[in-house]
Every structure is written in C-alpha cells, then in structure tokens.
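Novice: Pasting a predicted model and its sequence here:
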Amino acid sequence: PLSVASFPVASSLVGWALLLLAVAWGLRRDQPGKMAKLDRWGWWAVLAGVIVAFRWPVITLPHEIYPDESQLLAGALTLRHDPVFWRSVDGGTAGPLDYYMLLPAAFFPGTTGYAVTRLIAALVIWGMLVAAGEALTLVANRTVARLAVLPAAAFAAFTTSPELVHYSTELVPALLLALGVLAIVRQTVQSSPGNLRSAALLLGFVPFAKLQAAPIAAALGLFLVIHELVSGRAKNVGLFISVSLLPTLLFAALVTVTDEAENMLIPYFLQNTHYTQIGRMPLIEVVRLLGAQSVTNGYHAMWFAGAVVFCTGTLLLFARNIPYRLRRHGLAFAGLLVVTVFCVLSPGRPYHHYLNLLTLPVTLLLGVALAIALQSQSSANPRPLFPLGVCLFCTLLPQLVLRLSPWPDPYEYYNTTVAARGQAHAELIAAIKRLSLPGESLGLWGWRSSLYIETGLPQASRQAHTTFQLLAGPWQKYYLRRFYDDLVASAPPVFADTAGSGHFWFNTRAAGHEVFPRLRDWLSTHYAFVGEWDGVRLYARRDRVAAAPRLD
C-alpha cells in the first residue's frame, strides 16, 4: 500500500514545487511577532517535503538496495521480540541506538519495512539539517541558516546512491552530533544548566550509536570545556563530565543486570578496534575511491566542491575583516571538519556512506562563510543579494542543472533491476515460510539478511550475518562458540546456508557452514536438507520436515 514507485514523475513534480517554495521562502525576511513561529517551522516542514518527495521512488522500492539496511532492520525486528541489546542483537560496528531508532519499521510486515526504514533515514537527515540550521541562526541569522542548509538538503534529496539513501549507521550519530552542536552554540550565546546538560547527554550517547564518531563527540566536548573555563565557569566542567558519563553508566548497568558484559565488551569494543586494524587500504587509495564514488553520485561532489569554492573565496576576500564572533565559530567548525575527516578515513575503507558524517561540518562552515560575506557588505544594504546569489550559484545551481539534464541516473538500473530478486528467490522465501510459523526464528550462515525481512522471522543468533565467524582473528573462536550456543538455544525450524556464488561477501561454497565441524555435526543430527533455491541451501528441523505438509 505504501508503494507509489510507479509514479516517479508525480513525486518529482511535488519535489520541484516544494524546492522552489523553499528557495523563495528562504530569501524572505524573518516574519515578526505571531508569524515568527510559523515562518520558522513552516520552512523546515517544506524542506522535509523536498527530501521525501524526491526520494520517494527509491524509498518505496520493495526490496533491499544495500546489505546494511537489511542487517539493521533484521536487528530491529529481533529487538521487537527481545528488546535487550547484546542479549538478542549484536550490531557489529553499529551501536544499540542505531537499532532502537528503527523499531517503528519492525512493526510493518515484510518488505514494507524497507520503505519505513528509508523514510526514517530521510527524516533523520532532515533532523540533522534542522539542528545545524538552528545553530547557524544563533551564529548569524535565519536567512544565512536556510541558504547554508539548502545545498545539503538538495544533495540528500537528489541522490539515488544506495549507499546514501539507505539507513546507514552514520545517520544517528550525525543527528546526535548536530543536536550537540546546537546545545553548545546555545550555551555560548546564553549559559544555562539546561544547555550544558543537553550537550553532555547528546555527546555522551554518540559512542553508543557508532564508535567511529566518538572522537568527534570528544572534540566537541573538549571545545565546550575550554569555553566554560575561559568564560570563568569552571564549576560547569564537573557537571558536564558527570552528565556525559550517564549514557555509559546506563548501558553498563544494562549489561550487568542482564549478564551480557562479555557480549558488549568483546564485539563492540575489542573486535571493532581489531576491525579497524585489518584489511586497511592505503590512505591515497581510500581518498581516490571515495572521490570516484562522489563523482559517480554527482550531487555529492557538486555540493562539496561548491562549498569548498565559496568558503575558500570568502576567506581570501574577507580574511582581514572577519568579526571575532564569526572567526571563533569558523575556527571551531573547521576543527570539527578536521576531526570528522579523520574519523571518515581512519578505518581505511572507502565506504561512501561514511561521508554522511561530513554533512554537518560542511554545512556549518558554509553558513559561517556566507555570514562573513554578508557582514562585509555595506551596512546600507543589510541583506545584499550578491553574496546570496554567489553562494547559491556555487552550491545549489550545479545540482539543479544536473538533476534537469538528460544525464542518466547511474544507479537506476541497479536499484530497480539488479537489486530486485527473481523467481528463484520468491521460491526460497515461500519454502522458508512453509516450514516456519509466525514468531519463530531463522538460522542463517553467511550474509543475506534480507531473508529475515521477507519472511518476517527474527534472528536465531545475535548477528544477522556470520562475518566474524568466518574471518580469522583473535575473537573468531568466541564468535563461533556464541553462534553455536545461540542456535542450539533457539533451535530454529529452518537454517539457511547462504555461502555460495552470487552472494554478498562469502560467495564460494568453501565458506559454507561445514567449515565449523561442531555446527556441521549438530545440523546433520537435528536437521535435514530440504533443497536449494537461489543459491541458498535450506535445512529444516527433522520434526518440522515431517509436519511440513500440514503447514501448507
């Protein structure tokens, strides 16, 4: 019922109408008095409509477009049955907050969950832009905030790259960081315990969304501590540190009460630290591949390049006339960008969705540059059109031209055809459903997390895939033992071995479950091979094989 993917023209027309309204509205003066609240939130509502409308044809595709989105949604589906993270779900490099954010999608049946997941992704991006814009409003004014946010919103709306449309693990930490920046800016404008506590809590939760973003949160926290010390409010430092530790204490208490401390410490901290040290590519190669993907995507490269050109030009022209307030925020946001680039590149992997973390600092720097350009104009014209026009010309116009050009979408064929499964896959899903009952779980070896979503069955083990069971490392035995224990405890009616040709990551039969003799022997005793569909070997519990005809 959600899918209107067959009507891309209609959603595109709605998107264009709302985008033109957002540009025109953004150039207007702030509305005084009673209209101020409508003017403020009405514009943000229009911007949300722009992002959702342009993304709608991809949002509503009824299949997986990126493996991570199935992994995350499968975890949310499992948490719906057992909400204790690390007892029911191990998110790998993603923390519990990424999964809890997706719980609403877990209540929608089958592939409809994909649409809800991508809709949540779009709204999280929108929330991040709202926080960045409200921070820029305090630093400069509302016009600057809106025009600085528009190019990032256009990129988010126009892109069809599966890496940037799917609900990636960088989105929730990016939202928390943006809200943290807003709280910090509010604290620098008007000190209050509420602003300090908000910033501390938001930054303290970032490591439990994704550890990769933790250095960014630490850098923002350090900036706030220094600001409070310089401002003569040293007593606030203790309050900030104490409150920022509350999220850690909360999760520590959770794993202590549930006896899951080992299953947090090893997978989330030790294994992730090890993960960043293996399989690394040379830095220059990572930068090259990320750049190549941005160019293929087009909109991302144009937005980023336009922002660099405008910010550099502003700095060269007005470096001697920058007001202290804007210089201070500009340096802080530049430092934020440096730390963010480090976090993007430090894993040594060219995953394009890592660049979602750059949206916040680039937007903030663009806003400061625009405020500097406006501040340097004649005071007789408080809202000169020339700097505004140059900013839009550099950052927004190239994206509009690309969108309107006849250049074909480089991802359309993949999103609509390659990512869609054929008849053999439909038969596989039907076979699993025939052998399972609602509420039961699914055992899986390899990486094909979409089977959980399409069958509606939660995970029989904590991970939605078996990457770390198959990769050699200091914790491989731990992962194999835990997988075996989870599988025996849940005794799922169906076990799927997805290792083989054409599958993600583990695409040879040599990576099948037989590499783990203990698992092989347990399966041969309690399960029977029932067939192979779409390259997936399916095993059913022996009692269920006998009952299968009655389940039709």
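Specialist: Okay, I see it. These numbers come from a predicted model, not from an experiment.
Novice: residues in contact with stretch 386-396?
Specialist: Applying C-beta atoms under 8 Å, 6 or more residues apart in numbering, the external contacts of stretch 386-396 come out as 23, 27, 143, 147-148, 150-151, 154, 303, 306-307, 309-310, 313, 366, 369-370, 373-374, 377. Heads up, the C-betas are built off the backbone N, CA and C, glycines and all.
Novice: and it, how far out from the chain's middle?
Specialist: Relative to its parent chain, stretch 386-396 has a centroid offset of 29 Å by C-alpha atoms, centre = their mean, to the nearest Å.
Novice: Over to stretch 263-273?
Specialist: When C-alpha coordinates are averaged (C-alpha atoms, centre = their mean), stretch 263-273 and its chain have centres 20 Å apart.
Novice: Name the residues of it that are buried.
Specialist: 263-264, 266-268, 271-272 (16 or more other C-beta atoms under 10 Å).
Novice: Select from those every entry located in helices.
Specialist: Of the buried residues of stretch 263-273, the ones assigned to helices by DSSP state H are 263-264, 272.
Novice: Quick one: list the elements packing against the particular helix or strand that has residue 479 in it.
Specialist: Using DSSP states H and E, residue 479 sits within helix 476-490. In terms of contacts (3 or more C-beta pairs under 8 Å, 6 or more residues apart in numbering; DSSP states H and E), helix 476-490 is packed against helix 467-470, helix 517-526.
Novice: Swap in 10 Å and give it another go.
Specialist: When contacts are defined as 3 or more C-beta pairs under 10 Å, 6 or more residues apart in numbering; DSSP states H and E, helix 476-490 sits against helix 261-264, strand 442-445, helix 467-470, helix 517-526.
Novice: What lies in contact with the longest one?
Specialist: Residues outside helix 517-526 that contact it (C-beta atoms under 10 Å, 6 or more residues apart in numbering) are 443, 445, 466, 469, 480-481, 483-484, 487-488, 491, 495, 497, 512-514, 516, 529, 539, 541-543.
Novice: Averaged pLDDT, whichever helix in the chain runs longest. What do you get?
Specialist: For the chain, the helix with the greatest residue count under DSSP H is helix 112-139. Averaged over helix 112-139, pLDDT sits at 97.
Novice: Report the buried residues of the helix holding residue 479.
Specialist: By neighbour count on 16+ other C-beta under 10 Å, the buried set for helix 476-490 is 478-480, 482-484, 486-487, 490.
Novice: quick one, which of the helices and strands packed on helix 476-490 is nearest to residue 357?
Specialist: Closest approach to residue 357 among those (C-beta to C-beta): helix 467-470, 22.5 Å.
Novice: Could you list the buried residues of that closest one?
Specialist: 467-470.
Novice: can you list those in CSV and add pLDDT?
Specialist: Output for the buried residues of helix 467-470, formatted as CSV (pLDDT from 0 to 100):
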residue, pLDDT
467, 92
468, 93
469, 94
470, 90
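Novice: returning to that earlier point: wait, which of the buried residues of stretch 263-273 is closest to residue 508?
Specialist: For the buried residues of stretch 263-273, the nearest to residue 508 is residue 271 (23.7 Å; C-beta to C-beta).
Novice: Could you report the neighbour count for the nearest residue to the closest one once chain neighbours are set aside?
Specialist: For residue 271, ignoring the flanking residues on the chain, the nearest one in space by C-beta to C-beta, 6 or more residues apart in numbering is residue 475 at 5.2 Å. Each residue near residue 475 was counted by other C-beta atoms under 10 Å, and the total is 17.
Novice: do residue 59 as well
Specialist: 24.
Novice: OK, contacts around the residue nearest to it when sequence neighbours are not counted?
Specialist: Spatial nearest neighbour of residue 59, excluding adjacent residues (C-beta to C-beta, 6+ apart): residue 118 at 4.3 Å. For residue 118, the contact set (C-beta under 10 Å, 6+ apart) comprises 52, 55-56, 58-61, 65-66, 69, 105, 165-167.
Novice: Give the buried residues for stretch 363-380.
Specialist: For stretch 363-380, burial by neighbour count (16+ other C-beta under 10 Å) applies to 363-376.
Novice: and these as TSV, adding pLDDT?
Specialist: TSV is the format used below for the buried residues of stretch 363-380 (pLDDT from 0 to 100):
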residue	pLDDT
363	98
364	98
365	98
366	98
367	97
368	97
369	96
370	95
371	94
372	94
373	92
374	89
375	84
376	72
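Novice: and which of the residues you listed is nearest to residue 237?
Specialist: Among the buried residues of stretch 363-380, and counting by C-beta to C-beta, the member closest to residue 237 is residue 364, at 24.1 Å.
Novice: Just say helix, strand or coil for that closest one.
Specialist: The three-state label given to residue 364 by DSSP: H, G, I helix; E, B strand; the rest coil is helix.
Novice: pLDDT value on the spatially closest residue to it that is not a sequence neighbour, please?
Specialist: Nearest residue to residue 364, sequence neighbours excluded (C-beta to C-beta, 6+ apart): residue 333, at 4.3 Å. For residue 333, the model assigns a pLDDT of 97.
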